[in-house]
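Q: Pasting the sequence and the predicted coordinates here, then a few questions.
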Amino acid sequence: MEKSSTQFKERGSMGELAVEGLFAGIAAGLVMLLYLMVSGILSGEAASVMPGRFSIQVPPNPLQGALLHLAVSGIYGMLFGIIWRFVGGRISCWLAAVLYALAIYLLAIFVLLPGTGTPLLKIAPLHFALAHLVYGLGLGLWFRSK
């Protein structure tokens, strides 16, 4: 009993880790979006095209898309914070974060996005996968520094 109480104090409460995850997710989501924007620019797209792909408005609104992406990134980060509360110490923070990002990527391409007609499907699969890797590395960096 005392050991689990000590582990709880070392890693923080679930609420604290959820809040840390929120901030980590937003920061990692911002880096992910920047990566996607640069990859789009390098393939000849205007800078506003990539954030517009996350928009639910027609025609796409790049600001709305960027904010929606950051909101979802924050929520996924909160979930990672809660998961980290239970797996922290049993697995490397980097590995946990990268596996988590891989799971989000697989969930997106096999469950959430197919059949939706979303413009996110126009992102090159390699860049979409690498963007999720960037997200996972961002989460790992945030939680590793704590």
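A: Nice, thanks for sending it over.

Q: Which element is encountered next along the chain beyond the longest helix seen in the chain?
A: In the chain, taking DSSP state H as the definition, the longest helix is helix 14-42. Tracing the chain past helix 14-42, the next element assigned as helix or strand by DSSP states H and E is helix 49-53.

Q: could you say what helices and strands that next one packs with?
A: When contacts are defined as 3 or more CB pairs under 8 Å, 6 or more residues apart in numbering; DSSP states H and E, helix 49-53 sits against helix 14-42, helix 62-87. All C-beta atoms are positioned from the backbone trio N, CA, C, and that covers glycine.

Q: would JSON lines of the ones you listed with mean pLDDT, distance to residue 128 and mean neighbour count be doable?
A: Listed next are the helices and strands packed on helix 49-53 as JSON lines, based on pLDDT from 0 to 100; distance: least, CB to CB, whole Å; neighbours: other CB atoms under 10 Å:
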{"stretch": "helix 14-42", "mean pLDDT": "96", "distance to residue 128": "8", "mean neighbour count": "19"}
{"stretch": "helix 62-87", "mean pLDDT": "95", "distance to residue 128": "13", "mean neighbour count": "19"}
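
Q: May I see those helices arranged in JSON lines, with distance to residue 126 as well?
A: Formatted as JSON lines, these follow (distance: least, CB to CB, whole Å):
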{"stretch": "helix 14-42", "distance to residue 126": "9"}
{"stretch": "helix 62-87", "distance to residue 126": "19"}
